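Chemist: Any chance you could fold what I've pasted below:
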Amino acid sequence: MSKRRRVYRCAECQAEFPAWTGRCASCGGWATVGESAGVAAAVAEVAASTLRPLTSFAGDAAMPSPTGFAEVDRVLGGGLVPGAVTLLHGEPGVGKSTLTLQIAAHVASTGASVVLVSGEEAPGQIAARAARIGPVPRSLTVLDEVSVEAVVASIRTDRPQLMIIDSIQTLTTADLDSAAGSTAQVRECAHRLTDAAKRAQVSLILIGHVTKDGGLAGPRLLEHVVDTVLSFSGDRDGELRFLRAIKHRYGATSEVGLFEMTVEGLRAVADASRRFLADRLAGVPGSAVVPSLDGHRPVLIEIQALVAGGSGPGVYSTAQGVASSRLKLVLAVLERRIGFEMAGSDVFCSAAGGATVDDPGADLGVALAIISSRSGVPLRSDLVVVGEIGLGGEIRRAAQLERRMHEAYRLGFRQAIVPASAPSGPTGLSLLRVETLLDALNLTNMLAAA
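Modeler: Predicted coordinates for the structure are as follows:
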């Protein structure tokens, strides 16, 4: 038997207090103490544990079920796993509800039962959006409820193949007096839902809102509770959206799903390279095409640079879609290793088309785009460049170069500037090997003269 009592717990250090306090006496955090449904064991009866060899669980692993949404299945490593809990987070308005509604429709179209728990929108609003997306299967149902007790009861009674909670911040439990969305409510509701989903073998998706600094209570607190954490990001005013796995207990976290937002909903972008290069203008100074790597997927991205006269003595640099730290490194190496004077200039660098490049292999493309803009001499239109730049000015090998080269050849590129240690590429793609950034600069000058 156990005696139940209310507990106030710090969200940062988990210290417990008998009453609410504005500041945690343990870690010193302000406004981190909240009410939690706790159980204090007055008299605890511990059942004897049953030990089993690990090998006896070998056949218990559940296989993922495809969602029918190719880009989602790519990120999840095949689909949703029964009993797995997935947290989908992103900024408000990025399209999380639209994405999950399309996933629900795809799964329900196979005859599987799907429940969408509507805490933020009225069922009529969801039905109107679903009608714009496409046909609505009858096995897609809505539970208009914010009580976690009612949702848990539905999991146990209805046992759907998939349940989507939109959103976790709207649910509350009667055991807590705090408001919906508070740290205590979000944590307690998530724990109860996770336990119920795993017992009933229901695939569960929790939607959580996150601000740009990630400071909103909820998703950051739940990452250790759930099996999979998906990040859905993109410019709300643009078309492209990116789905990335931050944590995935059932597969790798290296895949990326690419979507395009349309009036009919999200549309998968199967050929990302063509999408990013669709509006490229050949023969323009300051442009370099880089075969980047996003997860395991090679993607060709246009790096654009613009060097203009500045008003100060130093170098002012702005990066969009390119890591600012990598841009500053490239500028420093250009100045110190090959004497490329940048003082008094404004340098703007971006990954065109809304792409984001975190790949060090794009360093050489950034450097040559800057040099091309400064000199006014464009790079060849059938040329791609790839390589990481070291502080000594050397060009280092990037990961999975062979896959990058095959993607470049598929898109019609026939020349590639690569590190000297690069492996052989596909027949028909000429590899131009360089050891240093100065070698790459001299080579581009020779190609331009030719």
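
Chemist: My guess is residue 102 contacts residue 67. True?
Modeler: No: Residue 102 lies out of contact with residue 67 (CB atoms under 8 Å); the separation is 9.0 Å. For the C-beta atoms, the positions are set from N, CA and C on the backbone; glycine is no exception.

Chemist: Need the residues touching each of those two.
Modeler: Common contacts of residue 102 and residue 67 (CB atoms under 8 Å, 6 or more residues apart in numbering): none found.

Chemist: so who does the nearest residue to residue 439 once chain neighbours are set aside touch?
Modeler: Leaving aside its chain neighbours, residue 439 sits nearest to residue 395 (7.5 Å; criterion: CB to CB, 6 or more residues apart in numbering). Applying CB under 8 Å, 6+ apart to residue 395 gives the contacts 364, 387-389, 419-420, 434-437, 439-440.

Chemist: cutoff 7 Å now
Modeler: Residue 395 is in contact with 364, 387, 389, 419, 434-437, 440, counting by CB atoms under 7 Å, 6 or more residues apart in numbering.

Chemist: In a helix, residue 446, correct?
Modeler: Yes: counting by DSSP: H, G, I helix; E, B strand; the rest coil, residue 446 is part of a helix.

Chemist: Is residue 152 within a helix or a strand, and which one?
Modeler: helix 148-158 (DSSP states H and E).

Chemist: which residues does the nearest residue to residue 266 once chain neighbours are set aside contact?
Modeler: Nearest non-adjacent residue to residue 266, counting by CB to CB, 6+ apart: residue 259, 4.4 Å away. Residue 259 is in contact with 71, 241, 243, 266-269, counting by CB under 7 Å, 6+ apart.

Chemist: Selection in PyMOL covering whichever of these are buried, please.
Modeler: Typed into PyMOL, the line below selects the buried ones among the contacts of residue 259, using 16 or more other CB atoms under 10 Å:
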select buried, resi 71+241+243+266+268+269
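
Chemist: Serialize the contacts of residue 259 to CSV and add fields for distance to residue 224.
Modeler: Output for those, formatted as CSV (distance: CB to CB, whole Å):
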residue, distance to residue 224
71, 27
241, 26
243, 21
266, 29
267, 34
268, 30
269, 32
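
Chemist: Closest to residue 171 out of the contacts of residue 259?
Modeler: residue 243 (23.6 Å; CB to CB).

Chemist: Look up which residues are beta-bridged to the closest one.
Modeler: residue 232, residue 257 (DSSP bridges).

Chemist: Next, find the distance separating it from residue 360.
Modeler: In this view, residue 243 and residue 360 are 23 Å apart by CB to CB, to the nearest Å.

Chemist: before we move on, the earlier item: can you name every helix or strand that the next helix or strand after the helix holding residue 152 contacts?
Modeler: Sequence order places strand 162-166 as the next helix or strand after helix 148-158, per DSSP H and E. Other helices and strands packing on strand 162-166, by 3 or more CB pairs under 7 Å, 6 or more residues apart in numbering; DSSP states H and E, are helix 96-108, strand 114-118, strand 203-209.

Chemist: circling back to that earlier point, what residues does the helix holding residue 152 touch?
Modeler: 115, 117, 143, 145, 163, 171-174, 189, 192-193, 196-197, 200, 202.
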